[in-house]
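J.: Would you be able to build a 3D model of this:
(one chain, ligands or ions: 1)
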Amino acid sequence: MSSTVTSSAGALADTAPAGGPAAVVAPSIWAVIKAHSYGHGTVQGMQGFAAADGLAMLDLAEALECRESGWTKPILLLEGCFEPADLELADRYRLTSVVHSREQLDMLARARPAQPLDVLVKLNSGMNRLGFAADAYRGAHARALELRAQGILGSVGRMTHFANADAAQGVAAQLRVFQQVAGDLPGPVSLCNSAATLRYPEISLARGGAESWVRPGICLYGASPFADADAASFGLKPAMSLRSAIIATQDLRPGDTVGYGSLFTAEAPMRIGVVACGYADGYPRHAGTGTPIVVAGTRTRLLGRVSMDMLAVDLTPVPQAGIGAPVSLWGADGPSVDEVAQAAGTIGYELLCALATRVPVRTTP
Ligand SMILES: *Cc1c(COP(=O)(O)O)cnc(C)c1O
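T.: Coordinates of the predicted model:
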């Protein structure tokens with residue numbers, strides 16, 4: 001028996017623009033579906049986010065899958081193109097590319113696309129991951145505009161990524177760098193991930209007719225980007241529910257231990273259940289005794305070390321549960337993925353992305 005996961009479409013905010021052209025307008029949405037829609041399946045994400053204005057991801061294969069599955073709106077490659085063959089596909093499949101390095105600009109300068117390619121020129125405003133340094137940005141942007149004049153590029157937008165939108169530090173310092181370096185340049189702007197979109201909604205409002213795009217990922221799947229604020233506090237509902245069942249029970253005497261390494265010892269007589277879900281399904285091995293888990297609708301706790309295919313739970317609060325009893329590892333009727341992640345010393349993102357391919361997926365509308 002194996003675990004199952006069900007996922008349903010994440011809810012997208014209604015972003016219908018209000019007012020006239022001079023009004024402050026809600027941003028457009030790049031729904032981020034990288035890493036197979038954070039473990040939910042590329043096409044499932046695409047279908048769930050049908051209302052989004054565009055999809056953003058890294059892998060060309062995922063982008064092509066979306067195009068071939070009927071997605072006609074924009075698709076953004078968050079790391080851009082790596083080699084000329086990628087550019088040919090970006091041209092053929094109408095993909096928007098991030099341009100974050102001189103090498104990418106050089107490659108574009110040699111390209112002869114059938115139609116001009118849309119790009120976002122990325123500024124490294126302080127995260128020091130991808131993007132042109134502040135002192136190189138305007139030169140790179142000017143070069144992109146030259147390539148547009150030559151018919152190689154179409155829309156030339158601006159973008160940066162925040163390192164601390166979820167943390168005490170916030171986005172102020174990076175936003176200042178962006179405004180100083182790129183604030184007066186033309187073209188669409190894209191700044192905010194989930195944390196920044198939720199915490200600083202005002203910075204993505206489109207003003208004066210400039211297009212503004214947010215890039216939410218994790219919140220679209222109903223998980224929280226914040227360590228200190230759960231998804232429910234934003235009205236977010238989990239898209240993924242990881243479920244399994246009890247496949248065995250054991251009656252322990254005082255002193256009996258559970259699982260590899262005998263990490264849990266019974267102090268009194270107790271009943272435990274063995275759940276068909278382990279780290280090979282994507283359940284984190286670092287989750288220890290006490291990690292919340294729901295059996296037959298009742299919240300209980302994990303016991304001992306998670307095995308590859310199984311884990312043990314305390315049946316004390318659910319004495320009626322036997323073989324076949326339903327188990328919710330995380331999601332709609334279980335603990336939140338963020339709670340499980342916290343117990344394992346990680347974040348919900350990692351657990352969602354790490355869902356194993358062997359877990360059967362049932363998609364609900
Ligand atoms: C992953 C990613 C996002 C989305 O981040 P979330 O925290 O999941 O909202 C946005 N922009 C870029 C560049 C990313 O890599």
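
J.: And the helices in this protein, which stretches?
T.: 34-39, 42-48, 60-68, 84-92, 102-110, 134-149, 172-182, 194-199, 337-343, 348-353 (DSSP state H).

J.: so which of the ones you listed gets nearest Asp230?
T.: Closest approach to Asp230 among those is made by helix 337-343 (6.0 Å; CB to CB). In this view, the C-beta of every residue, glycine as well, is placed from N, C-alpha and C.

J.: so where's the stretch 51-200 of the chain uncertain?
T.: Within the stretch 51-200 of the chain, no stretch has pLDDT under 70.

J.: Based on its surroundings, how many neighbours for the residue in it that the ligand sits nearest to?
T.: Proximity to the ligand, evaluated over the stretch 51-200 of the chain using CB to the nearest ligand atom, is greatest for Ser194 at 3.0 Å. Using other CB atoms under 10 Å, Ser194 has 25 other residues around it.

J.: The residue nearest to it when sequence neighbours are not counted: what's it in contact with?
T.: Computed as CB to CB, 6 or more residues apart in numbering, the closest residue to Ser194 that is not its neighbour in sequence is Cys219, at 3.9 Å. Contacts for Cys219 were tallied using CB atoms under 8 Å, 6 or more residues apart in numbering; they are Gly10, Ser194, Thr197, Leu198, Pro225, Ala231, Phe234, Leu236.

J.: buried subset of these?
T.: Gly10, Ser194, Thr197, Leu198, Pro225, Ala231, Leu236 (16 or more other CB atoms under 10 Å).

J.: Now do the residue of the stretch 151-300 of the chain found nearest the ligand, the pLDDT please.
T.: Residue of the stretch 151-300 of the chain nearest the ligand, by CB to the nearest ligand atom: Gly217 (2.5 Å). In this prediction, Gly217 carries a pLDDT score of 98.

J.: Count the residues that sit near the closest residue to Leu205 other than its chain neighbours.
T.: With sequence-adjacent residues excluded and distances taken as CB to CB, 6+ apart, Leu205 is closest to Val24, at 4.8 Å. Per other CB under 10 Å, the neighbour tally for Val24 reads 13.

J.: distance of Val24 from the ligand?
T.: Note on Val24: its distance to the ligand, by CB to the nearest ligand atom, to the nearest Å, is 23 Å.

J.: Could you pull out the buried residues of stretch 283-291?
T.: Neighbour-count burial for stretch 283-291, counted by 16+ other CB under 10 Å, picks out Tyr283, Pro284, Ala287, Gly288, Thr289, Thr291.

J.: Check stretch 85-92 too.
T.: In stretch 85-92, counting by 16+ other CB under 10 Å, buried: Asp86, Leu87, Leu89, Ala90, Asp91.

J.: Could you single out the nearest of these to Cys353?
T.: Of the buried residues of stretch 85-92, the one sitting nearest to Cys353 (CB to CB) turns out to be Asp86, at 22.7 Å.

J.: In contact with the nearest residue to that closest one once chain neighbours are set aside, which residues?
T.: With sequence-adjacent residues excluded and distances taken as CB to CB, 6+ apart, Asp86 is closest to Leu60, at 5.9 Å. Residues near Leu60 by CB under 8 Å, 6+ apart: Leu77, Asp86, Leu89, Ala90, Leu95.
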